[in-house]
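S.K.: Next comes the sequence, and after it the predicted model I'd like to discuss.
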8 protein chains.
Amino acid sequence: MEDILRKLWNHEISVEEAMKELKYFPFKEIGEAKIDFYRNIYRKIPEAIYGEGKSISQIKEMAEEMMQHHKVFITRASKEVYEKIGIEGAKYYKDAKMIVIGEREKINDGYIAVITAGSSDRQVAEEAAVTAYELGNDVERIYDVGVAGLHRLLVYREKIEGANVVIAVAGMDGILPTVVSNFVSSPIIALPTSHGYGTGINGVAALMSMLNSCSPGIVVVNIDNGFGAGVAAHLINSKK
Amino acid sequence: MEDILRKLWNHEISVEEAMKELKYFPFKEIGEAKIDFYRNIYRKIPEAIYGEGKSISQIKEMAEEMMQHHKVFITRASKEVYEKIGIEGAKYYKDAKMIVIGEREKINDGYIAVITAGSSDRQVAEEAAVTAYELGNDVERIYDVGVAGLHRLLVYREKIEGANVVIAVAGMDGILPTVVSNFVSSPIIALPTSHGYGTGINGVAALMSMLNSCSPGIVVVNIDNGFGAGVAAHLINSKK
Amino acid sequence: MEDILRKLWNHEISVEEAMKELKYFPFKEIGEAKIDFYRNIYRKIPEAIYGEGKSISQIKEMAEEMMQHHKVFITRASKEVYEKIGIEGAKYYKDAKMIVIGEREKINDGYIAVITAGSSDRQVAEEAAVTAYELGNDVERIYDVGVAGLHRLLVYREKIEGANVVIAVAGMDGILPTVVSNFVSSPIIALPTSHGYGTGINGVAALMSMLNSCSPGIVVVNIDNGFGAGVAAHLINSKK
Amino acid sequence: MEDILRKLWNHEISVEEAMKELKYFPFKEIGEAKIDFYRNIYRKIPEAIYGEGKSISQIKEMAEEMMQHHKVFITRASKEVYEKIGIEGAKYYKDAKMIVIGEREKINDGYIAVITAGSSDRQVAEEAAVTAYELGNDVERIYDVGVAGLHRLLVYREKIEGANVVIAVAGMDGILPTVVSNFVSSPIIALPTSHGYGTGINGVAALMSMLNSCSPGIVVVNIDNGFGAGVAAHLINSKK
Amino acid sequence: MEDILRKLWNHEISVEEAMKELKYFPFKEIGEAKIDFYRNIYRKIPEAIYGEGKSISQIKEMAEEMMQHHKVFITRASKEVYEKIGIEGAKYYKDAKMIVIGEREKINDGYIAVITAGSSDRQVAEEAAVTAYELGNDVERIYDVGVAGLHRLLVYREKIEGANVVIAVAGMDGILPTVVSNFVSSPIIALPTSHGYGTGINGVAALMSMLNSCSPGIVVVNIDNGFGAGVAAHLINSKK
Amino acid sequence: MEDILRKLWNHEISVEEAMKELKYFPFKEIGEAKIDFYRNIYRKIPEAIYGEGKSISQIKEMAEEMMQHHKVFITRASKEVYEKIGIEGAKYYKDAKMIVIGEREKINDGYIAVITAGSSDRQVAEEAAVTAYELGNDVERIYDVGVAGLHRLLVYREKIEGANVVIAVAGMDGILPTVVSNFVSSPIIALPTSHGYGTGINGVAALMSMLNSCSPGIVVVNIDNGFGAGVAAHLINSKK
Amino acid sequence: MEDILRKLWNHEISVEEAMKELKYFPFKEIGEAKIDFYRNIYRKIPEAIYGEGKSISQIKEMAEEMMQHHKVFITRASKEVYEKIGIEGAKYYKDAKMIVIGEREKINDGYIAVITAGSSDRQVAEEAAVTAYELGNDVERIYDVGVAGLHRLLVYREKIEGANVVIAVAGMDGILPTVVSNFVSSPIIALPTSHGYGTGINGVAALMSMLNSCSPGIVVVNIDNGFGAGVAAHLINSKK
Amino acid sequence: MEDILRKLWNHEISVEEAMKELKYFPFKEIGEAKIDFYRNIYRKIPEAIYGEGKSISQIKEMAEEMMQHHKVFITRASKEVYEKIGIEGAKYYKDAKMIVIGEREKINDGYIAVITAGSSDRQVAEEAAVTAYELGNDVERIYDVGVAGLHRLLVYREKIEGANVVIAVAGMDGILPTVVSNFVSSPIIALPTSHGYGTGINGVAALMSMLNSCSPGIVVVNIDNGFGAGVAAHLINSKK
């Protein structure tokens, strides 16, 4: 199979041809779910299992299939899911609410900085940080350095400047990425959160502030999308 | 008349009683418009004439009546209106698009700082600055010190810290007031603008960012409402 | 330490220099939270602890650190948190759902009027009132004088007129601040609430009505942001 | 024909039967437009011609057909349309931008009060007032008595109290109907306008404030819908 | 007291004068709530107690005070509240979730028709119907005649035509009032509901459809505001 | 009765005439609900019972009446409802949360393809699939072939191309229908869902993406409206 | 070429293989535009040229290329474009603002009914009608039969019932499709328009009303998307 | 000066110290605009001049100052501005509406792919492409390969796969970035546009679709923000 996938990747055969050769090809049906191994080949990131709203047996079945082919990420997973799933080698990241299965291979010597404005942005930030870490990136966490106490941010300036990519996580007014952009020249991924107090319409105020940043070059992912931010940071950091 | 209004102010007579005594009372009909002199008495700020969409003769008639009783502010007035209105002593503030009639009486030795993020926030900022100035406040303008170039702001730190009230004007991401709040202890009025580039839905992104500021104690006025911000700053600064 | 902070305040040393001298400087890490003492120095108002969603031990640890340096405000705190937190000298304001630790120092002889339209605006109003009171302001509460029964408001006219600052709290149509502005010359802070019956999209109708008030000089804070309104009123009232 | 329509009205015949008898029945095709005479019969108010975006000849053709059967209302009509339409007996109401054709029959001795908050609400108010007047109602206009100068409103209290129906017109914060409801027991129709200064999203702030009025019993029509408000007031006033 | 209120009503004395005479005047404090008797005098409809979120003892205390002066309406009240409140003569309307205290006085021989589109609009419709009934109006209920099965509506045509006022209640697409307007000449109050299936953003689709009705003369109240619709219908029906 | 309904259908008699003949006509009152048999005659699809929020006895009563005349669909019905309703011959579709009563009559040899982007779109998809199936259409389910793993979709290309109608179900970005439209010439019904992870404002992002599809000829139903999509697909497939 | 395309259609060759054989394959570059002939093959409807904002020479160049392969539709095209484009055989549909090039081949004996609520919905309706007609469908236009004058609609009942597909066009309240669904069993495509008077937020009220129709089986296209509605109707009508 | 800036960059001196040494420091006042050279130092990208709404002399003055220090980008500039500005060496990019002054230095051998869905996305795409190119990146343009004609995209697969960064530009449904993510492992920047036909609320539908992409790792910039996308792509591509 590896051979065929390699040819597919090299455009030596078409998808249709590849599929005729392979019994056990890029995806597999589990019930009516169709596990996508192909994404791991082409996009180089595995499909994640979104834990919320799935039964433990459903998650287990999908994970056990996936883990034969690639690393497994289960997001929004409660501690209870972890304890009952019974898969050897599974790690649980409590703060990120993630289960990860499979070895981590470090990709380079750089690191990704994950910084948050407030302490309530933490769960989303951890989802980003763990995703990036498990995809092979080193991660530096700098939490609760929000702009209302701007001096807190300045103390960590050198660490932030040294990062290959910065993920700036903030709810409420969402101004952290813009302030950070004043002193770094790395790509900045703005990650809005629905957490924090106030009435920012569940993160929409933060999202809009980030999209309208007066500092060009900031890119944005969806509200609370820690997994997406982690993947995007990984794609940037793994760029040759 | 002055006597009756004083009594009214002191609650010695009721509005109904006052109105029986006065021919020429707190308001006056001009056509079907009803000029409100009373607001100048109770609220201590005169009614303004909103110039947009009114004919020159309409504005002239209203202004000539008002100027017998109190200072006159005409907002959103083009240069053409100013040139044709023919009222002696009228001043024109081109950047603010305002005509002002009547003497200025300085109220105290403090000053109000009006700061803007970008150069396109200027017209709105000028409306606020001129309003405050003409109501008797000294004003310091610090323009184009937006957060994308944060160091520009720091240069003016002392001047901003010295103000009795700060009006922070910004479009796009609207983060200026929050950043300023890091080093001043005066009241801060956040004034969102619809100007600037990008797609902030005509100032809504800036407004939402300001309302959701993670720095407590910032107050907000409506988008592009320079006159309102100037009046609010005056009310605060004129507090004994 | 006091000496260094004073120098910092007077611009005799830079933030970086100050930080080299101080072990125990403007902020302190508690877990990954970073308590900000600096805000109390520069902005002259302490950072608050937002109680909702934090564990009792988390709140306790943060509060015990903070109380060595300044007054402590814990908002959105249930009675249960208060009873279990076990900090001597802590006061509980049931209606405001706030815990406050530390002495109150009266700042002047004026007072802040907190007025509400309906009885369901009370919790938010109390958050504003307690915040202002504990920051040293005297507070007069005038509740349930909503505009549908306008005469109720008029009875309290003199008390409202006498205030240095007015906080006008309303849900639903949010018209209270505008009506109040007819007879007071003090600054008015409009505080919209999501409470009340009807379908005002959780306070958005009140917020929009307040931002669009036809009476200039009214400033607005975010929906249900009682703490912010209390802080803003304090900043205005403490102005020399 | 009259006979058949009367039978239809009395349910003695069905619509299908009526249509077999009548050549020249409740509607008539003019090009592809279909003039609806039936509404005048059942709903007792004629269909109006919306002038905006129609050519003069199109309006003329529709009006000439309609005027043989009932009164004709042409809304949003410029002076130019009036001057060129060349229909004898047509009246032009400049402030309302309406052309009306046909006699007015007074329906009773009561009157409808049309009150506005600001002078820029006038065109919409006039559309309501003229519609009501021409449908046979007497109308009292009380303009520019907005709430920011509340005393102006009180002066007209008796006249407003005496009305059978009140139409309260306001843009911006839209609070006029609620304030008026404090002293009248007649039905109140709230009519929001997109006019006025500020940023009320073209009348949405006023509309929401009116819908969320804390005073029960206020009913609302669409933004700038003066014709609809006039018709509704007429339906209420013509109730036996 | 009656005498003074009568004079107030007749403008023989001012509110201020009336208040000096009366110990026990138009409102009364119960805790910090201020019961408004005045609305019953001027607006001729009593203030209602909104039951949701109030304790039984709070409701009881307010109701017992009010019932000495006028009829009492408690909306959104559960059966449990009714059973525990222990006020003699209180009636419970289960479908409307309302408690009413005080006699009903029939006001005239006409009736108000309350019609609904679907069976899930019932609770809101009942709130309107009970309010109108208890204010003295006769009420005819015609439920579940929604437009998807239009013929159901036609069957009740005569009964609807005979009403002095029609309240048309609908969720989802909100088209019932427009269809009804085809064959009635009475005033129509459109009452949108958040109930029903589908995704109408909690009644916003119905509200917008009603406000934009192509049939002029329809007036609208807020989503789920059955009490408001009942009061408005009463004000119209009680018009002389 | 059949005879009269046939005449009605053929326009030989009017609705009014038909109703005079029939005791037991197109609708029937059950309590205040009015069961609509007429829709089954004219629209050729029966009225459905929306199970959510109705009591079991209410559902039972309505279903027992309906089943004497036509097929019965009960949507959003829990397993508990099914177990307690005690109607012989009722089938329960667990994944669709539907109860169906009555025989299925196959209408033709074609089939409807129901395809979903993710596994969380399943319940809505099943509602569509079961509705279409029970109305007599054959259905092919192709689930979890979302666009992020596009090759999964291509594998099923022939099966999708062979369908008479395609229902494409997707949440989040809602792009499935557009991609499918690249290789099919059948009508495509886009069905947005509120399920899936991320923050698409409960399906609004998917709905907007579908409405704005750059591929012409795609039609859309409301968010989560599986029943509506199934009915629409049936109407298209049963077209001669 | 035909041969290769046929093989492609029959899955005998892959897209990649087909592209190696063909010089002149499914799309062609014109400047940087890439004309898509392939859609005409697979989807069986040609790509349209959106005229607005394109220069005449740009349109001409694209049209001349396309017309060698299939029928050409140019939408939103002014009369001036038509007169200057100079392509023989081009037809101009003034009301639809469309240019069409190429022969029409009638596809069957059925017809599509296009009905509108008001006369201002006409341009959008014509775009739908002309698109359907030119794709080979017969079309019956029934305009201006809006629901406010419901009887107008009933007159055309038989013609509407006889259609294979109904396109119901409406702005404002958008209720026409729902009313029509009462007496037809054909598929109904609801087409909301931004035209009409009132304040329906440019068609959003109509769109929402249609999506939330209480009559199941109605499908919707985007606001003003006449071309899309015409294509969808054609796909349904051309179903075997 | 260079020496001081280098020290600043290396944290050997503080901003305050640097500013005491420099006459001619990181920003310069031109009128009240403050040109920011500092951003070019720290963020490594120069400040741009937004041409819309500025006079030619204003632009010229700012550009002449800037060009002594770094490259100059003038966005949204008409041809007329270019022709009159009279700065030697200025280049005009007509399709991008940009003026660029200063030499281009190629940064590496990779390239950025800019792909668009439709031909109307071109101006925004060009702004991104020219920005990236002038910052030293090689750029491959692949335009008009929208998803409705998916095969067009596949033809360019290898070129897209080979890019270091992909900018995917789309209006309407905004699905292009998601489809592209199926076969590339580079970072993808999604750039929504307000162009294209249909009613996507000026790009909001595209923006929402992109934010909610079911393919993780896609990052988004604001609607029509070509400059921002170009800068972000440069920051990623210039990463070591």
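M.R.: All right, it came through fine.
S.K.: Break down chain A into its helices, ranges please.
M.R.: A:2-9, A:15-21, A:38-42, A:56-66, A:79-85, A:122-134, A:150-155, A:157-161, A:176-180, A:204-211, A:226-237 (DSSP state H).
S.K.: what about the longest one, average pLDDT?
M.R.: So that's helix A:122-134. The average of the pLDDT scores along helix A:122-134 is 96.
S.K.: try the third one
M.R.: Helix A:38-42 shows a mean pLDDT of 60.
S.K.: gap between the closest residue to residue A:73 other than its chain neighbours and residue A:62?
M.R.: Excluding the flanking residues, the one nearest residue A:73 by CB to CB, 6 or more residues apart in numbering or on different chains is residue A:48, at 4.2 Å. The C-beta positions use only the backbone N, C-alpha and C, and glycine is treated the same way. Distance of residue A:48 to residue A:62, given as CB to CB, to the nearest Å: 10 Å.
S.K.: still on that earlier bit, and the helices of chain A: which comes nearest residue E:137?
M.R.: helix A:204-211 (44.1 Å; CB to CB).
S.K.: check contacts around residue A:115.
M.R.: Residue A:115 is in contact with A:141-143, A:145, A:153, A:156, A:160, A:166-169, A:176, A:180, counting by CB atoms under 8 Å, 6 or more residues apart in numbering or on different chains.
S.K.: Turn those residues into TSV, columns for distance to chain D.
M.R.: Shown next, in TSV, are the contacts of residue A:115 (distance: CB to the nearest CB, whole Å):
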residue	distance to chain D
A:141	41
A:142	38
A:143	37
A:145	34
A:153	33
A:156	39
A:160	37
A:166	35
A:167	34
A:168	30
A:169	31
A:176	27
A:180	31
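S.K.: how far away is the closest residue to residue A:176 other than its chain neighbours from chain H?
M.R.: Using CB to CB, 6+ apart and skipping the chain neighbours, the partner closest in space to residue A:176 is residue A:170 (4.1 Å). Counting by CB to the nearest CB, to the nearest Å, the gap from residue A:170 to chain H is 16 Å.
S.K.: Surely residue A:170 touches residue A:178?
M.R.: No: applying CB atoms under 8 Å, one finds residue A:170 not in contact with residue A:178, separated by 9.7 Å.
S.K.: where do the contact lists of the two overlap?
M.R.: residue A:210.
S.K.: The residue nearest to residue A:73 against residue A:227, yeah?
M.R.: Yes: under the criterion of CB under 8 Å, residue A:48 makes contact with residue A:227 at 6.0 Å.
S.K.: And those two? Which one has more around it.
M.R.: residue A:227 (27 against 22; other CB atoms under 10 Å in any protein chain shown).
S.K.: hmm, back to that, the residue nearest to residue A:73 and residue E:98: what is the separation?
M.R.: Distance from residue A:48 to residue E:98, by CB to CB: 50 Å.
S.K.: What score does residue A:46 have for pLDDT?
M.R.: Confidence score, pLDDT, at residue A:46: 78.
S.K.: my guess is residue A:144 meets residue A:125, correct?
M.R.: No: taking contacts as CB under 8 Å, residue A:144 lies outside contact range of residue A:125: 9.9 Å.
S.K.: Overlap in contacts, the two.
M.R.: Among the neighbours of residue A:144, those also in contact with residue A:125 (CB under 8 Å, 6+ apart) are residue A:116.
S.K.: The two: which is more packed in?
M.R.: residue A:125 (31 against 24).
S.K.: ok, now which ones touch that one?
M.R.: A:114, A:116, A:141, A:143, A:167, A:169, A:191, A:226.
S.K.: Can you tell me which of those residues lies closest to chain B?
M.R.: When those are compared for distance to chain B (CB to the nearest CB), residue A:116 wins out at 11.6 Å.
S.K.: For beta bridges, what are the partners of that closest one?
M.R.: Beta-bridge partners for residue A:116, by DSSP bridges, are residue A:169.
S.K.: That one reaches residue A:172, doesn't it?
M.R.: No: Residue A:116 is beyond contact range of residue A:172, at 11.6 Å (criterion: CB under 8 Å).
S.K.: Now the terminal residues of stretch A:79-98, how far apart.
M.R.: 9 Å (CA to CA, to the nearest Å).
S.K.: quick one: it near chain F?
M.R.: No: judged by CB under 8 Å from any CB of the partner chain, stretch A:79-98 and chain F are separated, with a smallest distance of 12.4 Å.
S.K.: mind listing what's buried in that stretch?
M.R.: Buried residues in stretch A:79-98, counting neighbours by 16 or more other CB atoms under 10 Å in any protein chain shown, are found at A:81, A:82, A:85, A:90, A:92, A:93, A:96, A:97, A:98.
S.K.: just to revisit the earlier point, by neighbour count, which of the contacts of residue A:125 wins?
M.R.: Neighbour max across the contacts of residue A:125 (other CB under 10 Å) = residue A:191, 37 neighbours.
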